[in-house]
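**Student:** requesting a structural model of the entry that follows:
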Amino acid sequence: MFYYSVFGGIALFQEHPGVKPSMSFFLIIIPVLLAIIPVLAAFSLLQENRTSNEQRVSALEEEIQRLEEERDSLKEKISALEKEASALKEENTGFRQDIEEKDSKIEHLQEEKKEYEDRLKDMEEKLKLYGAAGITENKNQKVAYLTFDDGPSENTEKVLDILSKYKIKATFFVVGRQNMPERYKRILKEGHAIGNHTYSHDYSKIYSSVDAFFEDFDKLNSLLEAFTGQTTDIFRFPGGSHNTVSKSAGGSEIIKEIIEEASKRGYKYFDWNVTASDATLAGGMVPKETIVNNVLSGTKGRKNIIVLMHDAGSKDTTVEALPEIIEGLSAQGYKFGVLSKYVQGM
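**Tutor:** Numbers count the residues shown, from 1 in each chain. This next block holds a predicted model:
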């Protein structure tokens, strides 16, 4: 509207009679200029906008290039890390294999160690239970195994005192005594051996069957384990393996059947070849002199002897005879040992 008004005003002005031709030219050019100026301004603005956009595009292209370079750098780092991780994984696998091999070797060595420890334990037990020094070194050495049946009792304490005085060891075939844990412990603590003589020592009960025997036998071993922490693998039949009472209780083959079962279970029994005969006088005690004589005279012609004595509460004369028995056997050239499954039966 502005331009139309201007051009309209100019046209009216030109028609005025006083307007010169030169003034008409200017009057014509002015509107043209007025029309061109906005176009030029708009063009200049567009140019500025294009330059600004080009600069932005250039900046974005530079940013994209920078990001691509960072991406490539990160890819290289990731690749390097993946290679390092792969190498570590392989190294870790190698370490694991090495650890497994070492664990296997350790396990093998532990088994081997246990085997040697078991052998050493057996050897030490043999050396200990064969008795006094020199027994295994001298094949001609005479050995006496003193054994005491039917304890423990108050007489067991006295026997242990005597054995301690003479510095010798013996074997105690014990029965079940719930109220005497310290006596079982003392026997073992002082280096003597314990053998199983059944819990009850009841002939009619233990010899009624193989199962009955081992039920009573196991009951005593359980008692020993509870009191001392260990059991025993040697035993003596009440009455010995040649007793006749067992036949009436379980038949003529009962002892043989028990021996077979005992062998399967890893147990060894011992009888005797010299006896003090300190349990033969019904209703009284065998005189001390008789006990001493029975033992010392029973050794004739014997290199190794297992001496049967008793340490029950009624066997006072056996306790009294023990010092003379020890001294007499020593004078006959005997050394003293304790029984174990490694000792041959007499």
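**Student:** for this structure, which spans come out with low pLDDT?
**Tutor:** Across the chain, the ranges flagged by pLDDT under 70 are 1-28, 32-33, 122-137, 281-283, 346.
**Student:** now the longest helix belonging to it: how far from the chain's centre is it?
**Tutor:** Counting by DSSP state H, the longest helix found in the chain is helix 21-129. In this view, helix 21-129 has its centroid 50 Å away from the chain centroid, taken as C-alpha atoms, centre = their mean, to the nearest Å.
**Student:** ranges for the helices of the stretch 151-300 of the chain?
**Tutor:** 154-166, 181-189, 203-206, 210-228, 245-250, 254-264, 288-297 (DSSP state H, counting those that start in this stretch).
**Student:** re the thing from before, could you say what helices and strands the following helix or strand past the longest helix of the chain packs with?
**Tutor:** Counting by DSSP states H and E, the next helix or strand C-terminal to helix 21-129 is strand 142-149. Counting contacts by 3 or more C-beta pairs under 8 Å, 6 or more residues apart in numbering; DSSP states H and E, strand 142-149 is packed against helix 154-166, strand 171-174, strand 304-310, helix 316-331, strand 334-337. Yep, even glycine has a C-beta here, placed from its N, CA and C like the rest.
**Student:** out of those, which is the most enclosed?
**Tutor:** Ranked by mean neighbour count, the helices and strands packed on strand 142-149 are led by strand 171-174 with a mean of 28 (mean count of other C-beta atoms under 10 Å).
**Student:** one step back: tabulate the helices of the stretch 151-300 of the chain in TSV, adding columns for distance to residue 115.
**Tutor:** Shown next, in TSV, are the helices of the stretch 151-300 of the chain (distance: least, C-beta to C-beta, whole Å):
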stretch	distance to residue 115
helix 154-166	35
helix 181-189	26
helix 203-206	37
helix 210-228	25
helix 245-250	40
helix 254-264	24
helix 288-297	42
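**Student:** ok so, going back, can the helices and strands packed on strand 142-149 go into JSON lines with extra columns for distance to residue 186?
**Tutor:** Putting these into JSON lines (distance: least, C-beta to C-beta, whole Å) gives the following:
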{"stretch": "helix 154-166", "distance to residue 186": "6"}
{"stretch": "strand 171-174", "distance to residue 186": "10"}
{"stretch": "strand 304-310", "distance to residue 186": "18"}
{"stretch": "helix 316-331", "distance to residue 186": "16"}
{"stretch": "strand 334-337", "distance to residue 186": "18"}
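**Student:** nearest to residue 271, out of these?
**Tutor:** Smallest distance to residue 271 across those (C-beta to C-beta): 7.2 Å, for strand 304-310.
**Student:** now the angle from that closest one to helix 288-297?
**Tutor:** Here strand 304-310 runs at an angle of 160 degrees relative to helix 288-297 (axes from the mean of the first three to the mean of the last three C-alpha atoms, to 10 degrees).
**Student:** nearest residue to residue 319 in space, please, no chain neighbours.
**Tutor:** Leaving out its chain neighbours, the residue that sits closest to residue 319 by C-beta to C-beta, 6 or more residues apart in numbering is residue 158, at 4.7 Å.
**Student:** wait, that neighbour touches residue 318, no?
**Tutor:** No: the pair residue 158 / residue 318 is not scored as a contact, 9.5 Å apart, by C-beta atoms under 8 Å.
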